[in-house]
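Novice: Structure for this input, please:
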Amino acid sequence: MVSDAALDAMQNNKAIDQYAVVGNPIAHSKSPIIHTQFAKQTQQTLHYNKQLIARGDFKKDVTAFFAEGGKGLNITVPFKEEAFHFATVLTQRAQLAGAVNTLALQADGSILGDTTDGVGLVRDLKNHHFTLKGARVLILGAGGAVRGVLEPILAEQPHEVVIANRTLSKAQQLADTFKPYGNIHACAFIALTQEQYLTGFDTVINGTSASLNGDLPPVTASIFAAKKTTGAYDMMYGPTLTPFLEWAQINGVSLLTDGLGMLVSQAAASFELWRGVMPEVNTATEILRNEP
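Specialist: Numbering: from 1, shown residues only. Below is the predicted model:
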């Protein structure tokens, strides 16, 4: 039997706006730490947790979350495409990405789907003084992580964005899709040694998952040559420099940043969408960086 105190606590908790991150697996997620810090910083009253969803149960469980009064969700792997189809309204950047990492209940009862990964990356790049406007930008990889960041990067008006991938056709498909938004081209990894690419890049972004396995993308150090790349960014992160960033440092790149700030900045964009206030990101990033 539930005690009166426990019942009161449950009722009080229901009165607090509920948010969560859902995925499978989910135990590793840092989102509750980030959003709890954001709420404290902005003096917002909310509750944010993480929820494991079984494969095949996304629609059922997310429908139940909103039916029970939930206000918003962050979505992580493997459910970003299912979230895209679950949303009743999509932002333009979510439509282009073909995936959603944020769901937000609207006043009319509709569910807005957005992707904040790209804006999170751009904000983190700017925060670390990477060159985007008028720059030559090389992006390694052509998977979902890269697709989700292309429109915000192109909105910064780089001189050129080159997408390099092991399979040229996959990179070319992205370049064709995003061609209306800026000067974007595709090539195979092996083609980066050709003359037109040896003039150098201002910013190189690793959008592959190679660092997760302690590996490097299959490209040569010529990508850092000529102008001497001013910045190397790895969308992955860890307690020390990723293998990609170590390699960039050895080859003369001094501005080195991993994707932890991107994680926090995309969360901040979700928080702003839900609560109407943009939190400061450096404190939460530092908290995560110093975690044991």
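Novice: How about the contacts made by Tyr237?
Specialist: Applying CB atoms under 8 Å, 6 or more residues apart in numbering to Tyr237 gives the contacts Asp258, Gly259, Leu260, Leu263. The C-beta positions use only the backbone N, C-alpha and C, and glycine is treated the same way.
Novice: repeat that with 6 Å
Specialist: Going by CB atoms under 6 Å, 6 or more residues apart in numbering, Tyr237 touches Asp258, Gly259, Leu260.
Novice: Ser265 and Gly120 touch, don't they?
Specialist: Yes - counting by CB atoms under 6 Å, Gly120 is a contact partner of Ser265 at 3.8 Å.
Novice: Low-confidence stretches in this structure?
Specialist: Residues of the chain that meet the criterion pLDDT under 70 lie in 1-14, 226-229.
Novice: Strands along this protein, start to end?
Specialist: Using DSSP state E, the strands of the chain run over 17-23, 46-52, 72-75, 89-90, 102-105, 111-114, 136-140, 160-165, 184-188, 203-206, 231-234, 255-257.
Novice: can I get the ones you listed in TSV with distance to Ala175?
Specialist: Formatted as TSV, these follow (distance: least, CB to CB, whole Å):
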stretch	distance to Ala175
strand 17-23	29
strand 46-52	36
strand 72-75	26
strand 89-90	22
strand 102-105	26
strand 111-114	24
strand 136-140	10
strand 160-165	6
strand 184-188	4
strand 203-206	15
strand 231-234	20
strand 255-257	25
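Novice: Indicate which one of those is closest to Ala83.
Specialist: Minimum separation from Ala83 across the strands of the chain (CB to CB) falls at strand 72-75, 4.3 Å.
Novice: Residues contacting that closest one, please?
Specialist: Defining contact as CB under 6 Å, 6+ apart, one finds that strand 72-75 is touched by Tyr19, Ala20, Val21, Val22, Ser31, Ala83, Asn101, Thr102, Leu103, Ala104, Ser270, Trp274.
Novice: List the contacts of the fourth one.
Specialist: For Val22, the contact set (CB under 6 Å, 6+ apart) comprises Gln51, Ile53, Leu73.
Novice: so the second one makes contact with Lys60?
Specialist: No - proximity of Ile53 to Lys60 does not meet the contact threshold set by CB under 6 Å, at 8.9 Å.
Novice: Among those two, which residue is more densely surrounded?
Specialist: Neighbour tally, Ile53 and Lys60, criterion other CB atoms under 10 Å: the higher count belongs to Ile53, 20 against 11.
Novice: ranges for the helices of this structure?
Specialist: Under the criterion DSSP state H, the chain contains helices at 4-15, 31-42, 58-67, 80-86, 92-97, 117-127, 144-147, 150-155, 168-178, 243-250, 260-275, 282-289.
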